[in-house]
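Asks: Structure of the sequence below:
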Amino acid sequence: MNDGRTDVELLQAFARRADQRAFAVVVKRHADLVYATALRKVEDPGAAEEVTQNVFAALARKAWRFAPDDSLPAWLHRTTLLESKAWWRAELRRRRREQTAAELGTTMNRSEEPTALHTLVPLLDDALLLLREKDRTALLLRYHEGRSLRDVGVALGVGEDAAQKRVSGALEKLARFFQRRGFKTATLAATAEVLRNTARSAPASLAASAAHAAAEAALPALAGLTAFLARFASLTRVQTAAVCVVVATVPVACQWPRTRAAKLQVAEWQTRLQADRERAGELQAEVERLQVASSRLDSDLAQATAALAPQRQAAARLEDLRQRLQSLLTATDYRWPDDLPFVRIPKSILTNLDCTAAISRTGTVEEWGAQVLGMTSEEHTQTEQAFGEYLHDVAELVASRAYETNAPQVMMGAFSNKLAKAIAVPRLGEEARALVADLRDRVQRTLGSERDELLLQRWETEKSGWSWLGACRQLTEEPQVFTVWIERRPGGVWHGEEWTNAKGSGGGGGGANREDELHFSFLPDSMRSRFFDPWLGQLGLTNGAPVTDP
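Replies: The predicted model follows:
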């Protein structure tokens, strides 16, 4: 039987016009809810049917009391709980009279072990009573009556999405209720499953019988109201006073359910207040933790600020120096203060500076050369790496082609009293040119063409043989002879020297500054280790170490 009218409209039709069909629709709508709640409390199908009939009989008597904003499912749930308690009181009195308390314990025990969901059932109705009326109505309609979310929204006067949110929020409140009472595993899914498992469909004949019995119990009372008022005029004064007392107590009796509802509401508010207090305690602890963290961060910030102070001062001094240099660079004269480590000279003079001398025998760039050419730290590192790799590659090439021209011998004439060893290196040709081209390309990409020209101009034009760098450049086009000798000095101390002879026509020489050392730093490690160190070993001498007369 489908009827588009609301529950309150159907009850008003029954109360005002004795419309039994309207009341039957209400009973059919909510019979499952009442029966499932009664069965959960009394645990007996026959008793549940009796409680269901009593609830709908009470509804028939109080149909006139419902306002448009009242929730009938919530009222039916609460009334069912009250009727179930009354049935249990009567049942226990009957059993006491029969003195069957022992048998009661036997019949109430269940043979199977209670499941986790079954342990939540005794608390379910108490939890539902703590919910607000609309939340309780939403859960009862959704799970006990099996309504769709759309129908739940229509019953509550909201949309389907709002009904979904209300059902989810009510489930969350029930789960928190169970968790506060020690059931830590009571999740939203478990709570919903409890509601589904406790839902029961009323017997097919129960709705009809309950509607008929309730209507019969209510209609005579409605029909006899006029006769009662007619008879009231013929009552004696004592009878009239008694009736007035009864009438005066009626509002109090009517107010009692509302008072009970108010108490339940107060209990709900107290529960919420306790939860809010617990939440406030957690928030207070979080605030204290954040305050400690804030204090620690403030301390770290103060330390960082103190550590940055010297850097800021250095940056300020550097900025002052930059501004000072900028003003000096834009001045019309070339005179700079004596307290600065710089001088201002015309750019044309840089072409006369021998910046090649800034490159050491090992390929490192001296600090003064880096300053003259304005190298950054990265440029300085890349330039030294290019020269170091170039010198290493040329040394390996020289060592692979060099050959010994004479055995150790005693030199005569101006070189009398000296032992010498000469190593010849042929012209390296294209392989050396490729290494030079690669070096020039790397230096030019690092420093630019202008600074590259200043750094290598004399090395290119003069092809100096006075250093290993010059010798490497010279070996590209011309063969060379490297001669090393040692001589005995007064006091029996040996002294070592080096000599580079281009095409055997003379060259440059150099030696150790200390007479007690043999130090051939002019030659690369590969040549010394291959040709000269074994020779010194045969003589009982060591390159780069103090020696005495062998």
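Asks: all helices of the stretch 101-250 of the chain, in order?
Replies: Applying DSSP state H, counting those that start in this stretch to the stretch 101-250 of the chain gives helices spanning 101-108, 121-130, 133-139, 149-156, 160-180, 188-198, 204-223, 225-232, 237-329.
Asks: Mean neighbour count added to the ones you listed, as CSV?
Replies: All C-beta atoms are positioned from the backbone trio N, CA, C, and that covers glycine. Output for the helices of the stretch 101-250 of the chain, formatted as CSV (neighbours: other CB atoms under 10 Å):
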stretch, mean neighbour count
helix 101-108, 10
helix 121-130, 17
helix 133-139, 22
helix 149-156, 18
helix 160-180, 18
helix 188-198, 17
helix 204-223, 16
helix 225-232, 10
helix 237-329, 11
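Asks: Lowest average pLDDT across these?
Replies: The weakest mean pLDDT among the helices of the stretch 101-250 of the chain belongs to helix 225-232, with a mean of 40.
Asks: so which of the helices of the stretch 101-250 of the chain gets nearest residue 49?
Replies: helix 204-223 (5.5 Å; CB to CB).
Asks: still on that earlier bit, can you list the helices of the stretch 101-250 of the chain in TSV and add distance to residue 68?
Replies: Listed next are those as TSV, based on distance: least, CB to CB, whole Å:
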stretch	distance to residue 68
helix 101-108	43
helix 121-130	23
helix 133-139	14
helix 149-156	13
helix 160-180	19
helix 188-198	27
helix 204-223	21
helix 225-232	24
helix 237-329	17
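Asks: Name the residues that touch stretch 266-276?
Replies: Applying CB atoms under 8 Å, 6 or more residues apart in numbering, the contact partners of stretch 266-276 are 130-132, 176-177, 180.
Asks: follow-up on the earlier one: and the helices of the stretch 101-250 of the chain: which comes nearest residue 473?
Replies: For the helices of the stretch 101-250 of the chain, the distance to residue 473 is smallest for helix 237-329, at 35.9 Å, taking CB to CB.
Asks: got the angle for that closest one vs helix 160-180?
Replies: For helix 237-329 against helix 160-180, the angle by axes from the mean of the first three to the mean of the last three CA atoms, to 10 degrees is 100 degrees.
Asks: starting at the chain centroid, how far to helix 237-329?
Replies: Here the centre of helix 237-329 is set off from its chain's centre by 24 Å, with CA atoms, centre = their mean, to the nearest Å.
Asks: Which element is encountered next along the chain beyond it?
Replies: Tracing the chain past helix 237-329, the next element assigned as helix or strand by DSSP states H and E is helix 367-372.
Asks: now, the most widely separated pair of the contacts of stretch 266-276?
Replies: Largest pairwise distance in the contacts of stretch 266-276, by CB to CB, is 17.5 Å, between 132 and 180.
Asks: Next, work out how far apart residue 267 and residue 260 are.
Replies: 11 Å (CB to CB, to the nearest Å).
Asks: ah, wrong one, I meant residue 394
Replies: Using CB to CB, one obtains 106 Å as the distance from residue 394 to residue 260.
Asks: Domain map for this protein?
Replies: Annotated domains of the chain cover 7-105+114-223, 356-538 [automatic domain parsing].
Asks: In a markdown table: those, plus distance to residue 251.
Replies: Below are the domains of the chain laid out as a markdown table (distance: least, CB to CB, whole Å):
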| stretch | distance to residue 251 |
| --- | --- |
| domain 7-105+114-223 | 12 |
| domain 356-538 | 96 |
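Asks: Go through these and name the closest to residue 311.
Replies: Closest among the domains of the chain, once you apply CB to CB, is domain 356-538, at 17.5 Å.
Asks: For the closest one, measure first residue to last.
Replies: 38 Å (CA to CA, to the nearest Å).
Asks: Not counting stretch 7-15 itself, show me its contacts.
Replies: Against stretch 7-15 from outside (CB under 8 Å, 6+ apart): 3, 5, 19-20, 22-23, 25-26, 29-30, 59-60, 63-64, 66-68, 70, 72, 155, 215, 222.
Asks: Any quick PyMOL command for the buried ones out of those?
Replies: Per 16 or more other CB atoms under 10 Å, the buried members of the contacts of stretch 7-15 correspond to this PyMOL selection:
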select buried, resi 19+20+22+23+25+26+29+30+59+60+63+66+72+155+215+222
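Asks: In helices, which of the contacts of stretch 7-15 appear?
Replies: Among the contacts of stretch 7-15, the residues falling in helices (DSSP state H) are 20, 22-23, 25-26, 29-30, 59-60, 72, 155, 215, 222.
Asks: Just the closest of those residues to residue 144, please.
Replies: Of those, the one sitting nearest to residue 144 (CB to CB) turns out to be residue 30, at 8.8 Å.
Asks: wouldn't that closest one be in contact with residue 145 here?
Replies: Yes - the pair residue 30 and residue 145 passes the contact test of CB atoms under 8 Å, sitting 6.7 Å apart.
Asks: Show me whatever sits in contact with both of these two.
Replies: Residues touching both residue 30 and residue 145 (CB under 8 Å, 6+ apart) are residue 73.
Asks: sorry, back to before: which of the domains of the chain comes out lowest on mean pLDDT?
Replies: Note on the domains of the chain: lowest mean pLDDT is at domain 356-538, with a mean of 73.
Asks: Count the neighbours of residue 158 for me.
Replies: Neighbours of residue 158 under the rule other CB atoms under 10 Å: 16.
Asks: My guess is it contacts residue 166. True?
Replies: Yes - assessed by CB under 8 Å, residue 158 is found in contact with residue 166 at 7.3 Å.
Asks: Now for residue 532, how many residues are close by?
Replies: What residue 532 shows, counting by other CB under 10 Å, is a neighbour count of 20.
Asks: Check the secondary structure at it for me.
Replies: helix (DSSP: H, G, I helix; E, B strand; the rest coil).
Asks: Not counting sequence-adjacent ones, nearest residue to it?
Replies: residue 484 (5.6 Å; CB to CB, 6 or more residues apart in numbering).
Asks: Can you tell me who the one you found pairs with across the strands?
Replies: For residue 484, the beta-bridge partners are residue 421, residue 498 (DSSP bridges).
Asks: Next, work out how far apart it and residue 422 are.
Replies: Plainly put, residue 484 is 8 Å away from residue 422 if you go by CB to CB.
Asks: what's the answer for residue 339, then?
Replies: 54 Å.
Asks: and what of residue 146?
Replies: According to CB to CB, residue 146 stands 112 Å off from residue 422.
Asks: between these two, which one's more packed in?
Replies: Higher neighbour count among residue 146 and residue 422: residue 422, with 18 against 13, using other CB under 10 Å.
Asks: quick one: the more buried one and residue 404 touch, right?
Replies: Yes - shown here, residue 422 and residue 404 form a contact pair, counting by CB under 8 Å, at 7.4 Å.
Asks: Residue 424 belongs to a helix?
Replies: No - assessed with three-state DSSP, residue 424 is strand; it does not lie in a helix.
Asks: I'd say it and residue 401 touch.
Replies: No - counting by CB under 8 Å, residue 424 sits too far from residue 401 to count as a contact (9.3 Å).
Asks: More neighbours: these two, which one.
Replies: Just comparing residue 424 and residue 401: by other CB under 10 Å the higher neighbour count belongs to residue 424, 17 against 14.
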